[in-house]
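Novice: Based on what follows, work out the 3D shape:
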Amino acid sequence: MVDEIRTAASVIAGRDGAGGLELLVIERSRSSRFLPGYVAFPGGATDPGDAELAVEWFGNADEIARACAIRELSEETALVLTVDGMGPIGSWDPLSPVGIAPPTTDQLPEIAHWIAPEQVPVRFDARYFAIEGIDGLEPTPDGSEAASAWWTSPAALLSEHVSGRRKLYWPTYFTLTHLVGCTSVADLLSIRFDTREPTPEDEQDLPRPTFWQE
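Specialist: Have a look, this model is predicted:
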């Protein structure tokens with residue numbers, strides 16, 4: 001029997017680096033039940049309190065996914081997004097906001113929507129939001145959900161996955177194949193793409209951990 005599908009959100013933060021677009025990624029903790037040791041974008045399942053945050057920040061409980069994305073970003077990387085842009089959590093705590101306004105919905109455009117098929121043991125209905133990062137702003141992993149966090153190019157991460165150095169699950173891998181064509185944050189914020197499940201050819205050509213948790 002498969003788990004009930006859960007709503008979730010991920011943040012794809014990008015910044016303009018010397019060699020082009022750089023993305024913020026985390027390596028999931030080895031103790032995680034789901035995808036331990038895999039590289040992913042900051043994010044996770046929605047909490048009951050995210051609906052209240054959505055009303056407080058955006059005036060609409062339907063924005064629960066965006067609220068979740070902001071909260072997960074702060075918890076996993078100690079980085080936050082406010083109306084003034086991205087910064088360290090010391091400038092604004094999403095769970096105890098004081099003095100600084102939260103971001104607008106326009107600062108978190110939705111670029112992809114993943115719904116896991118029924119055969120996947122841990123199912124998520126996940127929305128991916130892009131945000132603009134800042135050069136010189138470094139993440140601090142929480143050491144619990146995120147064992148490490150860093151900025152890297154889409155091409156470098158894809159290469160590391162193919163070589164076996166890093167593990168990417170299919171939604172992350174497929175998302176990166178679209179983002180590798182982005183040369184700037186502006187490209188990232190404007191991209192929209194349709195998701196799909198892997199084909200038999202994909203399963204034959206890509207490393208096994210892309211499709212099966214190892």
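Novice: From now on I want contacts and neighbour counts done on CA atoms only, so please keep to that.
Specialist: Noted.
Novice: buried ones in the helix or strand harbouring Ser10?
Specialist: Taking DSSP states H and E as the definition, Ser10 sits inside strand 6-17. Using 16 or more other CA atoms under 10 Å as the test for burial, strand 6-17 gives 7-17.
Novice: Check stretch 158-175 too.
Specialist: By 16+ other CA under 10 Å, the buried positions in stretch 158-175 come out as 158, 161, 166-175.
Novice: Where does pLDDT dip in this structure?
Specialist: Counting by pLDDT under 70, the low-confidence segments of the chain come to 1-3, 91-99.
Novice: do that again at 80, thanks
Specialist: Where the chain drops to pLDDT under 80, the residues are 1-3, 90-100, 118-122, 214.
Novice: quick one, strands of it?
Specialist: 6-17, 20-28, 39-40, 43-45, 79-82, 85-88, 110-115, 124-132, 146-152 (DSSP state E).
Novice: Same list (those strands) but as JSON lines, adding distance to Asp62.
Specialist: JSON lines is the format used below for the strands of the chain (distance: least, CA to CA, whole Å):
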{"stretch": "strand 6-17", "distance to Asp62": "12"}
{"stretch": "strand 20-28", "distance to Asp62": "26"}
{"stretch": "strand 39-40", "distance to Asp62": "25"}
{"stretch": "strand 43-45", "distance to Asp62": "15"}
{"stretch": "strand 79-82", "distance to Asp62": "19"}
{"stretch": "strand 85-88", "distance to Asp62": "23"}
{"stretch": "strand 110-115", "distance to Asp62": "14"}
{"stretch": "strand 124-132", "distance to Asp62": "13"}
{"stretch": "strand 146-152", "distance to Asp62": "27"}
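Novice: With Arg208 as the reference, name the closest of the ones you listed.
Specialist: When the strands of the chain are compared by CA to CA, strand 39-40 sits nearest Arg208, at 14.8 Å.
Novice: and that closest one, what does it pack onto?
Specialist: Secondary-structure packing of strand 39-40 (3 or more CA pairs under 8 Å, 6 or more residues apart in numbering; DSSP states H and E): strand 20-28.
Novice: now the helix ranked longest in the chain against strand 146-152, angle please.
Specialist: In the chain, with assignment by DSSP state H, the single longest helix is helix 64-77. On the basis of axes from the mean of the first three to the mean of the last three CA atoms, to 10 degrees, helix 64-77 is oriented at 100 degrees to strand 146-152.
Novice: for the nearest residue to Gly20 once chain neighbours are set aside, phi and psi?
Specialist: Nearest residue to Gly20 in three dimensions, chain neighbours excluded: Thr183, at 5.5 Å (CA to CA, 6 or more residues apart in numbering). The phi/psi pair for Thr183 (degrees, to the nearest 10) reads phi -100, psi -10.
Novice: sorry, back to before: okay, and which of the buried residues of stretch 158-175 map to helices?
Specialist: Counting by DSSP H, the buried residues of stretch 158-175 contribute 158, 161, 170-175 to helices.
Novice: Grab the CA positions of stretch 73-82 and hand them over as PDB.
Specialist: Extracted in PDB, the C-alpha atoms of stretch 73-82 (Å, rounded to 0.1, in the frame of the first residue of the first chain):
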ATOM      1  CA  LEU A  73      14.600  27.300   3.100                       C
ATOM      2  CA  SER A  74      15.200  29.000   6.400                       C
ATOM      3  CA  GLU A  75      15.200  25.700   8.400                       C
ATOM      4  CA  GLU A  76      17.600  23.800   6.100                       C
ATOM      5  CA  THR A  77      20.000  26.600   5.000                       C
ATOM      6  CA  ALA A  78      19.500  29.500   7.400                       C
ATOM      7  CA  LEU A  79      18.700  31.700   4.500                       C
ATOM      8  CA  VAL A  80      15.400  33.700   4.200                       C
ATOM      9  CA  LEU A  81      13.500  35.600   1.500                       C
ATOM     10  CA  THR A  82      11.900  39.000   2.500                       C
END
